[in-house]
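Asks: Have a look; sequence and predicted model below, questions after that.
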Amino acid sequence: MFSVIVVIFLIFNIIITYLIHSQLGEMASKPGRWPAGSYIYDKEIGFDFAPCISDYIQDSSFYVKSHQMGYRIGENEDAVSFRPGGILSLGCSLTYGDEVDSEETFTQVIADSLEIPAYNYGISSFSYVHALLKAQKLKDEGLLDKLKPKYIILGCWQGLLNRSRTPFPPIASKNVPLTAAYLAKDESGIKINYPLSTRHVFELVTMYRKEGTDLSLRKFVKIFMSVPRFVYIYLKNNRLFQKMRDIKSSNKVSDFDVYDFYFTGIENLFSASQAKIIVLFMPNNAKDQPDEDLFKALAKHPDITFINGLRAVKKYGVSTHDYQGKHPQPAAHRAYALETLSRIK
């Protein structure tokens, strides 16, 4: 009986190994936008951007480079040296500056005008929860004490609300079982739910993108040993997906809850340093006004400065083609920077 069970297990594992190999090969055969290894596993956030990355984005439209401390820098900037006392920004791809070069981002434009350094920690696919955990990670690793930022800019737009309430990040796909931290609500209140461990998934994806799609003995063994974990995550993800669909409205985290939790966490992290916290709202269309819950949360946090990016793009004559339904283009980034500078100065 034992031998039969072992044989069945081996056959099952081999079949699943080839299925996983096929999925990884299909994904790796399509060039990713970001340089291989850009995204790395993080046990609390779910994923993070890797330090010391340096290469062009897939279509060569802009350069991707990160400092050894993890923040974005320009192509010709030193990835090791740094200067304290600058601007630290947190957010998603809109803050990172997807589709524009580092020197064109609002973080860098503001920093250059004030003649201080820029620490752009915007990371594509991030949510408010991820940004808060990233800031906490920087503090725990002692990086905030080294950087000593004077200004904290929180990139804000409507799409980050739903991202903050789901365990499935935008970088996930049906072929790659990924989960990320998210906000949940129970009898004790609002809390962060941390993700399942998917370290091996990131390792396999990176290996296939760097080494190609052919199945070597090394790849086979790595996948074979990971099959039980893959199956567990798939089953767990399916249950989690169903749970998210069936959640009652009374237990849903509201927009106000998301904003208030985020702002409270950020203020707690930076209160001792007396850094000035700024919320920058970035519109995704010409009618994308900041919502009532955002203003309600800001009223509860009067020390936070609010910058309305919709007002900025109109004030500085930015065309809707530079921000509507897309990442902010250089003109939009400049408008956000100028509006922020007018408040700082």
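Replies: Sure thing, it's come through.
Asks: Just the CA coordinates for stretch 280-289, please, in PDB.
Replies: Extracted as PDB, the C-alpha positions of stretch 280-289 are listed here (Å, rounded to 0.1, in the frame of the first residue of the first chain):
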ATOM      1  CA  LEU A 280      -0.600  64.300  -3.800                       C
ATOM      2  CA  PHE A 281      -3.800  63.400  -5.500                       C
ATOM      3  CA  MET A 282      -3.200  62.400  -9.200                       C
ATOM      4  CA  PRO A 283      -6.300  62.400 -11.500                       C
ATOM      5  CA  ASN A 284      -6.800  59.700 -14.100                       C
ATOM      6  CA  ASN A 285      -9.200  61.800 -16.200                       C
ATOM      7  CA  ALA A 286     -10.400  65.400 -16.400                       C
ATOM      8  CA  LYS A 287     -13.300  64.800 -14.000                       C
ATOM      9  CA  ASP A 288     -11.500  62.700 -11.500                       C
ATOM     10  CA  GLN A 289     -12.100  64.800  -8.300                       C
END
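Asks: any idea how far residue 208 is from the residue nearest to the spatial centre of the chain?
Replies: The residue lying closest to the centre of the chain (C-alpha atoms, centre = their mean) is residue 126, at 2.3 Å. Using C-beta to C-beta, to the nearest Å, one gets 24 Å for the distance from residue 126 to residue 208. Quick note: C-beta positions are derived from backbone N, CA and C, even for glycine.
Asks: give the contact list for residue 25.
Replies: Shown in contact with residue 25 (C-beta atoms under 8 Å, 6 or more residues apart in numbering): 208, 213, 215.
Asks: let's see 10 Å
Replies: 208, 212-215, 219 (C-beta atoms under 10 Å, 6 or more residues apart in numbering).
Asks: Looks like residue 68 contacts residue 77 (just checking).
Replies: No - if you go by C-beta atoms under 10 Å, residue 68 and residue 77 don't touch, sitting 11.5 Å apart.
Asks: quick one: which of these two has more around it?
Replies: Between residue 68 and residue 77, residue 77 has the larger neighbour count (other C-beta atoms under 10 Å), namely 17 against 13.
Asks: Could I get the phi/psi values of residue 40?
Replies: Dihedral angles of residue 40 (phi, psi; degrees, to the nearest 10) stand at phi -130, psi 160.
Asks: Chain neighbours aside, what residue packs nearest to it?
Replies: residue 50 (4.6 Å; C-beta to C-beta, 6 or more residues apart in numbering).
Asks: What strand or helix carries residue 19?
Replies: helix 2-28 (DSSP states H and E).
Asks: which parts of that helix are buried?
Replies: 13, 16-17, 20-21, 23-24, 27-28 (16 or more other C-beta atoms under 10 Å).
Asks: packing partners for whichever helix in the chain runs longest?
Replies: With secondary structure taken from DSSP state H, the chain has its longest helix at helix 217-246. Here helix 217-246 touches helix 2-28, strand 182-186, helix 199-211, going by 3 or more C-beta pairs under 10 Å, 6 or more residues apart in numbering; DSSP states H and E.
Asks: Let me know the angle separating it from helix 199-211.
Replies: Between helix 217-246 and helix 199-211, the angle comes out at 130 degrees (axes from the mean of the first three to the mean of the last three C-alpha atoms, to 10 degrees).
Asks: now the strands for the protein?
Replies: Using DSSP state E, the strands of the chain run over 39-42, 46-49, 54-56, 63-65, 87-91, 118-122, 151-156, 182-186, 189-193, 276-281, 305-308.
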